[in-house]
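*Asks:* Sharing a sequence plus its predicted fold:
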Amino acid sequence: MSKFPKFMGNCPKNVAKDAKYRIKSGEKGPVVALTFRTTDDERWYMATEEHPELVKMVNQVKLDAGQAPNGSFYINEYKQVIVPAVGSSNYWLAGKYEQPLRFEFEGKIISGEPVNLEGNPLSPGDTWVGPHPGIPYILAAGGNDIKFHMQIRPNVEKEVKLSKAIGPGAAKSVAGAIRAIRGFSGGRFYVNEFCSMFTPIQEGWETNYIYVGQLDLDKWFPAPHSGS
């Protein structure tokens with residue numbers, strides 16, 4: 001049993017390799033790594049040695065749970081570092097990490113900030129050219145509410161709605177920004193640790209990611225808490 005608390009919030013499920021951060025072995029020790037998929041379908045395999053404290057946070061969780069060090073992790077919009085437990089649907093809360101993750105690659109700075117590869121600000125509706133790690137949410141059909149699902153105990157899943165957290169009117173207002181991009185049919189979108197929101201849009205055979213805007217945490221779900 002891990003000494004770290006179980007994370008009781010919105011957790012990613014099965015995601016693509018480019019939708020998560022990970023710790024891996026580097027030349028001088030473990031590093032933070034990211035697979036970055038460009039808009040022209042290149043894969044950039046990036047890593048940074050600038051976050052030894054984050055490496056330590058993630059690996060302490062893994063070792064405390066009796067697992068091998070390194071592996072995937074996520075940072076949510078509240079800067080909480082969550083680490084999946086291998087062989088389980090549980091996630092552990094490693095703590096908060098405030099330092100922004102930025103990766104330098106071929107002269108470019110890659111991060112989840114709402115800018116393009118030249119560092120110019122994005123506007124809602126622009127192509128999202130940033131990395132894909134983020135916490136998934138769902139714009140409900142009709143476009144007036146936002147929700148996610150979480151497992152609260154074995155074999156029990158709960159649907160969590162923004163309308164119940166901040167009220168229907170306020171939730172409808174927040175959902176409007178996502179609805180402007182996704183339409184009234186709703187669908188999945190993501191929020192990263194910079195509070196940038198982006199969503200995948202199917203266009204023919206291609207899936208393109210679109211920048212939605214910046215999230216206001218004062219009009220959002222309460223910060224997730226940990227369980228025993």
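*Replies:* Arrived safely, thanks for sending. All values derive from a computational prediction rather than experimental measurement.
*Asks:* can you list the domains in this structure?
*Replies:* 6-110, 135-222 (automatic domain parsing).
*Asks:* what would these look like in TSV with mean pLDDT, mean neighbour count and distance to Asn120?
*Replies:* From N, CA and C alone the C-beta is placed, and that goes for glycine too. As requested, the domains of the chain are exported to TSV (pLDDT from 0 to 100; neighbours: other Cβ atoms under 10 Å; distance: least, Cβ to Cβ, whole Å):
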stretch	mean pLDDT	mean neighbour count	distance to Asn120
domain 6-110	93	16	12
domain 135-222	95	16	12
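*Asks:* could I get the ones you listed as a markdown table with distance to Pro121?
*Replies:* Formatted as a markdown table, the domains of the chain follow (distance: least, Cβ to Cβ, whole Å):
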| stretch | distance to Pro121 |
| --- | --- |
| domain 6-110 | 14 |
| domain 135-222 | 10 |
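*Asks:* Of all those, which one is nearest Leu122?
*Replies:* Closest to Leu122 of those, according to Cβ to Cβ: domain 135-222, at 4.6 Å.
*Asks:* which helices and strands does the helix ranked longest in the chain pack with?
*Replies:* The longest helix of the chain (DSSP state H) is helix 168-182. With contacts taken as 3 or more Cβ pairs under 8 Å, 6 or more residues apart in numbering; DSSP states H and E, helix 168-182 sits against strand 135-139, strand 146-153, helix 162-166, strand 187-191, strand 196-203, strand 206-214.
*Asks:* Give me the most central residue, the chain.
*Replies:* Gly134 (1.7 Å; Cα atoms, centre = their mean).
*Asks:* beta partners for the closest residue to that one other than its chain neighbours?
*Replies:* Distances taken as Cβ to Cβ, 6 or more residues apart in numbering place Tyr190 nearest to Gly134, at 3.1 Å, with adjacent residues excluded. With DSSP bridges as the criterion, Tyr190 is bridged to Pro136, Phe198.
*Asks:* separation between Asn90 and Lys62?
*Replies:* In this view, Asn90 and Lys62 are 13 Å apart by Cβ to Cβ, to the nearest Å.
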